[in-house]
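S.K.: kindly generate the corresponding structure for this input.
(4 chains)
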Number of protein chains: 2
Amino acid sequence: MEEKSVANGIGRAVFGALTPAQQSAVFSVGRLRRYADKQMIAQCGATDHYLSIIEAGAVRLSRVGRDGQLAVTATLQPGDSFGEFTVFAHAPRQFDFHAIGDTRIREIPREVLLKLLSQSPDVMGKLIEVLARKLLSATQALEAVRSLPLIPRTARLLLALTDGQNPSARWEGTQTELADTLGLTRVSVSHALRELRRQGLIRTAYRRIEIPDVNALQEWLDRSSPL
Amino acid sequence: MEEKSVANGIGRAVFGALTPAQQSAVFSVGRLRRYADKQMIAQCGATDHYLSIIEAGAVRLSRVGRDGQLAVTATLQPGDSFGEFTVFAHAPRQFDFHAIGDTRIREIPREVLLKLLSQSPDVMGKLIEVLARKLLSATQALEAVRSLPLIPRTARLLLALTDGQNPSARWEGTQTELADTLGLTRVSVSHALRELRRQGLIRTAYRRIEIPDVNALQEWLDRSSPL
DNA sequence: ACAAGAATGCCAAATATTTTACAATCATCC
DNA sequence: GGATGATTGTAAAATATTTGGCATTCTTGT
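M.R.: Sure thing, here's the model as predicted:
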């Protein structure tokens, strides 16, 4: 019953799934690195092979098209990880990674991680679970992008961004960020937010969106587009 | 250097990654089931927990919105698998699954699979790799949907649908199918195909699209949108 | 060889989304 | 406490995409 689907499945809540003992086992083989605000952590196309786990701070994923400003972003929080592709799929980095605020990251080189995994089937199992869940999120996001109209899609993202525990929620960030993660323009997002606001489902403020009643928004979404 | 990205990362080439010995180990614990053309294999929302591996035939994934005909599809081939979500993420079925042609499927119940996996870290490792690669495909598809204009997006899908070995390729199916997997209308796809045809990159025919020079199409795509 | 159904190609009107632009509000740095 | 840059709200014009429709071509079954 773990709903908790997320932004776009890029990388969420990975090592929260591990037991404390497992966490410390993983962390102990990792190398701690610190990044300052806005510092680049990894670049799109790079061929390094690390699994990175965020201990503190945040990491922004983005990508710039040749035409300049076209950037798509997602933001990862402490406990999230990234770099699975570089380790398990032998692929180059798919995004640019930047630190947001002072950030501590545990980096585990590919070989070390593989060795650790081969010795602990438990952690391996968890990893499979996490990957499956990420894949599920990505699949659902893909579905949403393809079949949901503007407004429900925006609503869906807002719900995905909340952690789902509290009855009410808020999200801090600019509407431009929201637009980027949705793959839309700020104007379109603004339009969608206006409509949701008109229906009393959300409140907007400077760099902040409040959802007074998460359930109500969820129900509206279910009603307006069953998916 | 395994490019071979695919349709939308829903489920590809899973057990081709295993060694013959591993394959037979997995197959031996599976239950063989046969389906006739168009027969339903599993329904969206169902809560069964099987990993299914296609031995022969094909499986179409689809989904119908409340508003009737809204259907999004992908097609899986022999060697592909599906159902990871039900097994590893405890999630209900995300799509409707139908057999295309006479189809043989190996079904492995959740518990059996987990037990098998716990006994063979090798297979587990492969599974992680496969999941990571699927996730990569899904991520790239998501990127494409969000940032690529109509025509490059269509070109990208065509390339993804080819196996990438031969210098030339063809794809068999209707333009409506293509439109559904892209999340566009037939008219839009027709428009995109017209443009690609005009540039001599593809040839269209009844239920068939030919790519005389896969490389040329790839280069055109790289040139027109670097991603 | 013919009829019927399926698929393609294309057009025009209706919608959706982006672009461009500008005024108003908010936060922060001196 | 005021200036400045960032962010929001919104509108109008330009594009992109869908909807609905129709003629043509292709395939299949008889």
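S.K.: only C-alpha atoms from now on, for both contacts and neighbour counts.
M.R.: Fine.
S.K.: after the worst-scoring helix or strand of chain A on mean pLDDT comes which helix or strand?
M.R.: Between all helices and strands in chain A, the lowest mean by mean pLDDT, DSSP states H and E belongs to helix A:20-28, at a mean of 82. Using DSSP states H and E, the helix or strand that follows helix A:20-28 towards the C-terminus is strand A:31-35.
S.K.: can you give me the offset of that next one from its chain's centre?
M.R.: From the chain centre to the centre of strand A:31-35 is a distance of 20 Å (Cα atoms, centre = their mean, to the nearest Å).
S.K.: for the residue lying farthest from the centre of chain A, give its distance to A:Gly83.
M.R.: Distance from the C-alpha centroid of chain A peaks at A:Gln119, with 28.8 Å (Cα atoms, centre = their mean). Taking Cα to Cα, to the nearest Å as the measure, A:Gln119 falls 21 Å from A:Gly83.
S.K.: again with A:Glu129
M.R.: To A:Gly83, A:Glu129 is 16 Å away according to Cα to Cα.
S.K.: next one: A:Val112
M.R.: Between A:Val112 and A:Gly83 the distance is 14 Å, computed by Cα to Cα.
S.K.: neighbour-wise, which of those two wins?
M.R.: Between A:Val112 and A:Gly83, counting by other Cα atoms under 10 Å in any protein chain shown, A:Gly83 is the more crowded of the two (25 against 15).
S.K.: neighbours around the nearest residue to that one once chain neighbours are set aside, how many?
M.R.: Leaving aside its sequence neighbours, A:Gly83 sits nearest to A:Leu51 (Cα to Cα, 6 or more residues apart in numbering or on different chains; 4.7 Å). A count of neighbours around A:Leu51, defined by other Cα under 10 Å, yields 22.
S.K.: do the same with the one 5 residues further on
M.R.: For A:Ala56, the tally of surrounding residues (other Cα under 10 Å) stands at 17.
S.K.: report pLDDT for it.
M.R.: A:Ala56 is assigned a pLDDT of 89 by the prediction.
S.K.: ok, A:Gly16 next?
M.R.: If you check A:Gly16, the pLDDT there is 66.
S.K.: quick one: contacts for the residue nearest to A:Gly83?
M.R.: Contact analysis of A:Leu51 by Cα atoms under 8 Å, 6 or more residues apart in numbering or on different chains lists A:Ser81, A:Phe82, A:Gly83, A:Glu84, A:Thr86, A:Val87, A:Glu107, A:Ile108, A:Pro109, A:Arg110, A:Leu113.
S.K.: need the pLDDT of it.
M.R.: So A:Leu51 comes in at 92 (pLDDT).
S.K.: element containing it, please.
M.R.: Applying DSSP H and E, one finds A:Leu51 within strand A:50-62.
S.K.: how far away from the center of its chain is that strand?
M.R.: Remark: strand A:50-62 is offset 10 Å from the chain centroid, using Cα atoms, centre = their mean.
S.K.: and for stretch A:95-113?
M.R.: Stretch A:95-113 has its C-alpha centroid displaced from the chain centroid by 14 Å (Cα atoms, centre = their mean).
S.K.: show me what counts as buried in that stretch.
M.R.: In terms of neighbour count (16 or more other Cα atoms under 10 Å in any protein chain shown), stretch A:95-113 has its buried residues at A:95-100, A:103-110, A:113.
S.K.: just these: which are in strands?
M.R.: A:Asp96, A:Phe97, A:His98, A:Ala99, A:Ile100, A:Thr103, A:Arg104, A:Ile105, A:Arg106, A:Glu107, A:Ile108, A:Pro109 (DSSP state E).
S.K.: now, the most widely separated pair of those?
M.R.: Largest separation among those by Cα to Cα: A:Ile100 and A:Pro109, giving 22.6 Å.
S.K.: about what we covered before: can you tell me how far the residue farthest from the centre of chain A sits from A:Val112?
M.R.: A:Gln119 sits 11 Å away from A:Val112 when distances are taken as Cα to Cα.
S.K.: swap in A:Pro212?
M.R.: Taking Cα to Cα as the measure, A:Pro212 falls 45 Å from A:Val112.
S.K.: residues in chain A within reach of chain B, list them.
M.R.: Residues of chain A that fall close to chain B, judged by Cα under 8 Å from any Cα of the partner chain: A:1, A:9-10, A:64-66, A:70, A:84-85, A:88-91, A:118, A:121, A:124-125, A:127-136, A:138-139, A:141-142, A:145-147, A:182-184, A:225-227.
S.K.: A:Gly83 against A:Asp48, yeah?
M.R.: No - using Cα atoms under 8 Å, A:Gly83 makes no contact with A:Asp48, being 9.2 Å away.
S.K.: list residues touching both of those two?
M.R.: Common neighbours of A:Gly83 and A:Asp48 are listed as A:Arg93 (criterion: Cα under 8 Å, 6+ apart).
S.K.: phi first, then psi, for A:Val72.
M.R.: Taking degrees, to the nearest 10, you get phi -120, psi 130 for the backbone angles of A:Val72.
S.K.: show me what contacts it?
M.R.: Going by Cα under 8 Å, 6+ apart, A:Val72 touches A:Leu61, A:Ser62, A:Arg63, A:Val64, A:Asp180, A:Thr181, A:Gly183.
S.K.: what's the longest helix belonging to chain A packed up against?
M.R.: If you go by DSSP state H, chain A has its longest helix at helix A:121-147. If you count contacts as 3 or more Cα pairs under 8 Å, 6 or more residues apart in numbering or on different chains; DSSP states H and E, helix A:121-147 packs onto helix A:110-119, helix B:84-88, helix B:121-147.
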